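following is a predicted model, sequence given first.
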Amino acid sequence: MSFIKFLGTAGARFVVMKQLRASGGVWLSVGKTNLYIDPGPGALVRCLSSKPRLEPTMLDGILLTHKHLDHSSDVNVMIEAMTDGGFKKKGILFAPLDAIEGDPVVLKYVRNYVEEVEVLKENTEYRIGDIPFSTSKKHSHRVETYGLNFKISPHTLSWITDTRFFSELSTLYRGEILVIHVVRLKPIGDEPIDHLSIEDVKVIVKKAKPKLTLLTHFGMTMIKAKPWVVAAELEKELGLRVIAASDGMKIDLEEV
Ligand SMILES: [Zn+2]
């Protein structure tokens, strides 16, 4: 069974710091391959307390869309867990260059535990087992950040991680399932910020017309507005399926 499991739906500092939502990231399972995306604070704890329990030793790889803490703080411990405490060298780590150089978030000694470190670059194709994917254009975000397009069956999947809005977003991500990180309900005045709002989501979804849109990575204004209410309103307005992710939510890819 292929699935996406949300081990966290928090975005932005307050929701993460107060743990108003969990911030563990996402487990993607396709065919025989398991890939962990953005292991933020609590990733390991959320895996082990998940029902049914998700066993990190089953992972084939870990991917960081960027190095911000809410996407990467548990990357070292997750690598250690994936590799059985570092005793069983295995797996691939995918990360942008600035996550492993300069002021890195992945410790050097931990990198020896994985079989391969693949540096994410713009518009490049990658594969891990049953999961072929590509990066698109570099996002407009303070650190090096890449969204993803997974060419998987039974449904293609696109992932718009943190970014400031730019008009090509709706053409770059054409997966049948579209995950969007939406921190804000409304934009802050005229000054664009490094995150998407629901207004931006409307523009993107109207054009991209995915079969299913999954909203996640909520900031305070989204939490206050109740993400499931916002999703229901969007669904009505756009005439397309929109679901607000919740902590522990599992989407069976065969059933979409
Ligand atoms: Zn970020």
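Received, thanks. Numbers count the residues shown, from 1 in each chain.

just checking, what packs against the one helix or strand Val77 maps to?
If you go by DSSP states H and E, Val77 is part of helix 75-82. Contacts defined by 3 or more CB pairs under 8 Å, 6 or more residues apart in numbering; DSSP states H and E place helix 75-82 against helix 43-49, strand 61-63, strand 92-96, helix 108-111. For every residue, glycine as well, the C-beta is placed using N, CA and C.

now these as TSV including mean neighbour count and mean pLDDT?
Output for these, formatted as TSV (neighbours: other CB atoms under 10 Å; pLDDT from 0 to 100):
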stretch	mean neighbour count	mean pLDDT
helix 43-49	20	98
strand 61-63	27	98
strand 92-96	23	98
helix 108-111	12	97
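
that older thread, in the helix holding Val77, which residues are buried?
Using 16 or more other CB atoms under 10 Å as the test for burial, helix 75-82 gives 75-76, 78-82.

about what we covered before: mind putting the helices and strands packed on helix 75-82 in TSV, distance to the ion included?
As requested, these are exported to TSV (distance: least, CB to the ion, whole Å):
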stretch	distance to the ion
helix 43-49	16
strand 61-63	14
strand 92-96	12
helix 108-111	22
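
report the contact partners of Lys236.
By CB atoms under 8 Å, 6 or more residues apart in numbering, the contact list for Lys236 is empty.

how many other residues sit next to the nearest residue to Ile62 once chain neighbours are set aside?
Closest residue in space to Ile62, ignoring its immediate chain neighbours: Tyr36 at 4.6 Å, by CB to CB, 6 or more residues apart in numbering. As a burial measure, Tyr36 scores 30 neighbours (other CB atoms under 10 Å).
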